[in-house]
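Q: structure of the sequence below:
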Amino acid sequence: MKNIFYSIIACLALAMAVSCTDDNNGIDQPIVIDLDQMPIDFAPVDLDGEWTKLTGSVSSDVDLAKVSFVAVSGDKEEAFQEVSSFDGGSRSYDFEVEVPWTVDVSFVKVIAENTTGDVVEISRKVLIKGGPVIDIEATEFVIDLSVSAKDTIQGTIKSESGLSEVLITVTKKGEESTYKKINPSGADANELNLFEIITFDLDHEAFNILATDAKGNTASHDITVSVVESPVYTMFAYSDIELHGTDKRKTGVDIGVSLSDGKSHAYDPIIADANGLDIDFMISSADSGSPQVRYFSPATEYGDKFKLGTEGNADIVLNDTQFSKLDRGDAAFFAAATAESIQAMSLTDEGADATDILKDINHDDNGVDIINGKVVYFETAWGAQCLVMITETIDNNGNRKGDSYMLDFKVVYQTN
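A: Presented below is the predicted three-dimensional model:
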């Protein structure tokens, strides 16, 4: 008996709840809206079955001005049908409307307004099931092009009614365009396995996957994209580069080297180019009793020992290079140097001075013993970090100013 009693009470409570949703239909209301559907008719709406229509009537004490039918999805309300002319008298209106059901619809509303400005609305909560189901784990791609420019959109899209289309769109620089359109057939129409390898660039911002089934139901999945490109530094080793001193500058031998590619160049091609073929490094020696070798920047005044500007091309623009006045070590140090260890160096390590002319210790007490193969660190104006070491001196019949030198370089710079 107690269970029966509680069941009766529960039924009465449900009846009162239903009447509360329609409390605008009281006898003193200027507008009365009657919906044929009870709340249970919308719990759930099966998108893969027969769609529930919204039917009922509206009556008013005075003429109706407008009746609107609204679908609520999240915080967005959209009127999918509006009526402002009424056949057979404008104080009553019977309706039967198709609701554009989607997986996001949570309420449907009927809003009626009469000519005196009275407005009444009635709503029904909706539970939706069915429609395409997108199962893609990725919601964001964070891509570093320096590591890998590729990633994959993968997952499944299922539909009881059968998929008619899967549209993948991409957004670049704020502009959306079609990336790929798929029209599944056969077994794929009920379960599509998606596997798209994407090659990203810096313009990528987002992807959207929109699935549509045979009944027109849709489901959508968004993926945001953040693309960066970390700098990549690469070390290049240039060995056995032979450079000559001042006395042979106009005899067709190489006097300067460009460290972007390790190519050495002679006087005439250098002065024929507005930028001096981008040479970064030169070497010379004074004709004296002891070796007086100097490394120098092509842009320094000392560079004109080779008469590049005064006798060659007065408008030539030469690169500026700075050397560290610090003995870095010997051949073993040079051999062990890596891109990372070179990047950690600076011109002023251990309090060293920077200079555009680095003289041998025989020529300057504060110099470096470069003639005997001590390693020197230097930097180019365009950002390369470099080590240089003399590996051999080729004598010019006792004329040190005409000697040539075999040099090895290790050069680190950004390559992306």
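Q: my guess is residue 352 contacts residue 327. True?
A: No: under the contact definition of Cβ atoms under 8 Å, residue 352 does not touch residue 327, with a separation of 9.3 Å. The way it works is simple: take the backbone N, C-alpha and C, and place the C-beta from them, glycine included.
Q: residues shared between the contacts of the two?
A: With Cβ atoms under 8 Å, 6 or more residues apart in numbering applied, the contact sets of residue 352 and residue 327 do not overlap.
Q: now the residue positioned nearest the centre of the chain. Nearest residue, chain neighbours left out?
A: Centre of the chain computed as the mean C-alpha position; nearest residue by Cα atoms, centre = their mean is residue 227, 1.6 Å away. When the adjacent residues along the chain are set aside, residue 227 lies closest to residue 143, with 4.6 Å between them (Cβ to Cβ, 6 or more residues apart in numbering).
Q: do you know how far that neighbour is from residue 202?
A: Residue 143 sits 9 Å away from residue 202, going by Cβ to Cβ, to the nearest Å.
Q: so what's residue 155 up against?
A: Each residue near residue 155 by Cβ under 8 Å, 6+ apart is listed here: 134, 135, 136, 137, 138, 194.
Q: apply 7 Å and report the result again.
A: Going by Cβ atoms under 7 Å, 6 or more residues apart in numbering, residue 155 touches 134, 135, 136, 137, 194.
Q: picking that back up, isn't the residue nearest to residue 227 right up against residue 151?
A: Yes: when contacts are counted by Cβ atoms under 7 Å, residue 143 is listed as touching residue 151 (6.3 Å).
Q: my read: residue 189 touches residue 161, true?
A: No: Residue 189 is beyond contact range of residue 161, at 8.9 Å (criterion: Cβ under 7 Å).
Q: ok, back up a step: residue 143 and residue 151: which has the busier surroundings?
A: Per other Cβ atoms under 10 Å, whichever of residue 143 and residue 151 has more neighbours is residue 143, with 21 against 17.
Q: skipping adjacent residues, who's closest to residue 290 in space?
A: Sequence neighbours aside, residue 362 is the residue nearest to residue 290 in space, at 4.5 Å (criterion: Cβ to Cβ, 6+ apart).
Q: poorly predicted segments of the stretch 101-250 of the chain, please.
A: Flagging of the stretch 101-250 of the chain using pLDDT under 70 yields the residue ranges 247.
Q: one more time with 90, if that's ok
A: By pLDDT under 90, the low-scoring segments of the stretch 101-250 of the chain are 101-104, 126-131, 215-218, 244-250.
Q: beyond whichever strand or helix holds the residue nearest to the centre of the chain, next helix or strand please.
A: For residue 227, the enclosing helix or strand under DSSP states H and E is strand 218-228. On the C-terminal side of strand 218-228, the closest following helix or strand by DSSP H and E is strand 233-244.
Q: would you mind pulling up the elements that that following strand packs against?
A: Using 3 or more Cβ pairs under 7 Å, 6 or more residues apart in numbering; DSSP states H and E as the contact criterion, the secondary-structure elements in contact with strand 233-244 are strand 254-258, helix 339-343, strand 404-414.
Q: so which elements touch the first one?
A: Using 3+ Cβ pairs under 7 Å, 6+ apart as the contact test, the elements touching strand 254-258 are strand 233-244, strand 263-266, strand 281-286.
Q: follow-up on the earlier one: out of the contacts of residue 155, which end up buried?
A: Burial of the contacts of residue 155 was assessed by neighbour count (16 or more other Cβ atoms under 10 Å); the buried members are 134, 136, 194.
Q: now, which of these sits nearest residue 357?
A: Within these, proximity to residue 357 (Cβ to Cβ) peaks at residue 136, which comes in at 62.6 Å.
Q: so what pairs up with that closest one in the strands?
A: residue 155 (DSSP bridges).
Q: so what's residue 53 up against?
A: Applying Cβ under 7 Å, 6+ apart, the residues near residue 53 are 96, 97, 98.
Q: show me the contacts for the last one.
A: Neighbouring residues of residue 98 by Cβ under 7 Å, 6+ apart: 51, 53.
Q: distance check, it against residue 343.
A: As judged by Cβ to Cβ, residue 98 and residue 343 stand 67 Å apart.
Q: do a quick rundown of the helices in the stretch 1-150 of the chain.
A: Listed in chain order, the helices found in the stretch 1-150 of the chain under DSSP state H, counting those that start in this stretch are 2-21.
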